[in-house]
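**Q** Sequence and predicted structure are below.
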Amino acid sequence: MVSENDLKNIIAQVLNEMNLSGGSDQRPSEEIKTNSESAPPNEETTKGKFVPDPSKNVVEDGCWDDVAAVSLQKQYLVENPVNGEAFYDLKQFAPCRLGIGKAGARYKTDPQLQFRAAHSAAQDAVFSDVDQDFVDNMGLFTVQTMCDSKDTYLTRPDLGRKLSEEAVATIKEKCKMNPTVQIYVSDGLSSAAIAANVGDVLPALEQGLKSYGIDYGTPFFVKYGRVGVEDQISEITKCDVVCVLIGERPGLITATSMSAYIAYKATVGMPEARRTVLSNIHKEGTNPAEAGAHIADIIKKILDNKASGTDLKL
Amino acid sequence: MQETILSAGIDIGTSTTQLIFSRITIENLASSYNVPRVSIIDKEVIYRSNIYFTPLKSQREIDSEKVAGIIIDEYKRAGISPSDLKTGAVIITGETARKENADVVLSSLSNMAGDFVVATAGPDLESVLSAKGAGADVLSEENREVVANVDIGGGTSNIAFFYKGILKGVCCLDIGGRLIKIENNKISYIFPSIKELANNHGISINVGDRADEAVLSKVCDLMADQLAMALHFSKPDDFHRKLYTNDGKPLPDEPKIQAITYSGGVADCIYSPENKETFMYGDIGVLLGRAVKRHSVLSNLKTYVAKETIRATVVGAGSHTTNVSGSTISYDRKKLPIKNIPVLKVGRDEEMNAGAFEKAITSKIELYKPEGELEQVAIAFSGEFHTGFKEIQELADILIKAGDEIIKGAYPLIVLVENDIAKALGNALNVKLERKKEVICIDCIYASDGDYIDIGEPLSEGRVVPVVTKTLIFNR
């Protein structure tokens, strides 16, 4: 059983830790003092718990380094490792949260902040819109699916696979019909991926097609788009091959990874297996410009074989 | 999906000629939704020839017809026809490593060694190839150690050392098992530097002397001392410097060597000295092996068993000279394979500035006109400073401007990049040149000034090309 006095002490400590005791923090600290008399000097513990002493708090100038700028592969925080160098070498093979040390049973402060920063970046990538200026500067016109907002987009995947009536009309009006290849860009689940990669992937892809002598249609941007909308776009433009550059669902390693989904003679309702995908296009993954050149290569193979997805062995 | 290619290695040395066939397995290690990543996943020696004394017309001239005869016999014995081979290397090492020899060997082997290279290997390349054949690079990578391979042959000891699998330095000394030869229990030949080494330590040996095991053992102890000095385990004496072949340089003294492998003919006498008669080979090879094995410093070192001993160099030539390019590249199929292309390297500092980049190419290109006309040349650089689409266009413009002479010439424009941008760069070059010039643009290839490269026929459904980089000059 906990005695009444003990209980008081615990509450006082908790209040102190939460800094909710306001101006009346004199009393709890007195309580602590009486309690700590039995503890050895210089020990700031009461019954095994750490009790901060506000009088010892120091406010420092300066700031924490940008946690998002730390390279996961370069940071190795284990104290007293058996062979830290070997572990560090292993870390160079993949950007994983390994060898980041611990504070008791928890993360150290720096990795904890990095983790939360990565999570925030992932959320931002999903919830924010692609900067309209960026889309305009890329020379892309914008159409929208049947989603009227991010919320609808996230909760109604079916609506993200259909173009609005206005979008259908705009595409019919602005796009060259019957192109061999129709390329378009879509936000998908990461707007950050579009901003980070399209500037390199799209021109490299167009240049690659040009070097093969393959003609392509008018590229544009689809807001609130899911992969499946490419089937409708394929039907509208009557292209042989449709290719969407779309933001991937972000993870905690990168929020800027982009994919290309490519299909030969796509039709609404066709099996998903008919799509060929190239994923992991980002700075730390496949170099975006090189990826663009490679997509042109894939498209050439799709055209040569008149097949895509599992029907085509790459 | 795995694909195997057959590779041949032929080593024509001063004393012996050997041949091996190896099977190199390549596989695309990336999943189907990623950019392909074709890598060499296995190298296996599937045939080892007998070891022949190299047929010589004179001390410096190879009897190429007899060499061809040996090779034809070994092809037959192995049941392999030249058309089965996709890659490989013929190297001519030691004193016979001269261009004239390479030319005659090339012409007499051209039907058999068709699409692969004939190179004269300087001592530096030989050091690297033997160390790779011995497996020192792999041991160093797997154990995260500094591992040196000492290839003790007849005439020279070739040393190469690696840290974490990366080459850190090479050297070559005139220390070998056949530097003193014995006939009818008498000394029949002494290499001058070895005689001097012995004399310096008060040991007098002369051609015609009785082969005294005790005396020759002492000479071999002195040679082992010199190896310990070369590996920086003991302080070099005044004479040490004179033992480097062709006035070569010693090894760098950092990083410190932690473990050793031995290869070359003498290595067998180090690893298994028992059951060997002292003068069974008519030389001091067995004695030298024993001397290394009992040497006070060398015997205390961590020593690994080499994967290959006497065949280390030829296995190195057959299995470890071929690499594969990156998997997203650009090339003109009609122009492959190409052989013996000298490399023009643009330094990292020059790469960062367009003007310096152009100047580096235009000024160095003059070096590739031995008879006033431009030879084939490959332009190599890191490609780390031009990764975005726009920068790659700039890069293509620089190359087109600076490579004007190449573009107007008869040979293709060959570009070697370290960073994975070759497909995008190749496309940019092709579009800007309106496909009027053959372009070969490949990546994941590391080459330096003075290297020569061969680019073979495409593999893995055209995704990669095999590349042999021949580093002929290492110490500079």
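**A** Cool, got the structure. Numbering: from 1, shown residues only, chains lettered A, B, ... in the order given.

**Q** any idea where the strands of the stretch 101-250 of chain B begin and end?
**A** Per DSSP state E, counting those that start in this stretch, the stretch 101-250 of chain B carries strands over the ranges B:117-120, B:146-152, B:157-163, B:166-173, B:180-183, B:186-190.

**Q** what does chain B have sitting close to chain A?
**A** Residues of chain B found near chain A (Cβ under 8 Å from any Cβ of the partner chain) are B:32-36, B:144, B:164, B:328, B:330, B:387-389, B:392, B:419-424, B:426-428, B:430-431, B:435. To be clear about C-beta, it is placed using only N, CA and C from the backbone, and glycine gets the same treatment.

**Q** Show the buried residues in those.
**A** B:34-36, B:164, B:328, B:330, B:387-389, B:392, B:419-424, B:426-428, B:430-431 (16 or more other Cβ atoms under 10 Å in any protein chain shown).

**Q** Helices - which of the residues you listed land there?
**A** Counting by DSSP state H, these place B:F389, B:I392, B:A422, B:K423, B:A424, B:G426, B:N427, B:A428, B:N430, B:V431 in helices.

**Q** a helix runs through A:D231, doesn't it?
**A** Yes: membership of A:D231 in a helix is supported by DSSP: H, G, I helix; E, B strand; the rest coil.

**Q** Quick check: it touching A:P271?
**A** No: using Cβ atoms under 8 Å, A:D231 is not in contact with A:P271, being 10.7 Å away.

**Q** who has more neighbours, those two?
**A** Applying other Cβ atoms under 10 Å in any protein chain shown to A:D231 and A:P271 shows that A:D231 carries more neighbours, namely 21 against 9.

**Q** ok, for B:D451, nearest residue in space, not its chain neighbours?
**A** Nearest residue to B:D451 in three dimensions, chain neighbours excluded: B:V343, at 4.4 Å (Cβ to Cβ, 6 or more residues apart in numbering or on different chains).

**Q** and that neighbour, how many neighbours?
**A** B:V343, neighbours per other Cβ under 10 Å, totals 22.

**Q** Return the residues in contact with B:N28.
**A** By Cβ atoms under 8 Å, 6 or more residues apart in numbering or on different chains, the residues touching B:N28 are B:M1, B:P36, B:R37, B:V38, B:S327, B:S460, B:R463.

**Q** where's the residue nearest to the fifth one when sequence neighbours are not counted relative to B:A134, distance?
**A** It refers to B:S327. Closest residue in space to B:S327, ignoring its immediate chain neighbours: B:P36 at 4.1 Å, by Cβ to Cβ, 6+ apart. As judged by Cβ to Cβ, to the nearest Å, B:P36 and B:A134 stand 32 Å apart.

**Q** same thing with A:D65?
**A** To B:A134, A:D65 is 46 Å away according to Cβ to Cβ.

**Q** same question, B:L167
**A** From B:L167 to B:A134 the distance is 13 Å (Cβ to Cβ).

**Q** Looking at these two, which has the bigger crowd around it?
**A** B:A134 (31 against 18).

**Q** Is the more buried one in contact with B:A312, as I believe?
**A** Yes: in this structure, B:A134 is within contact of B:A312 by Cβ under 8 Å, at 4.4 Å.

**Q** any common contacting residues for those two?
**A** B:N149, B:D151, B:S263, B:A306.

**Q** and which of those residues is nearest chain A?
**A** Closest approach to chain A among these (Cβ to the nearest Cβ): B:N149, at 21.8 Å.
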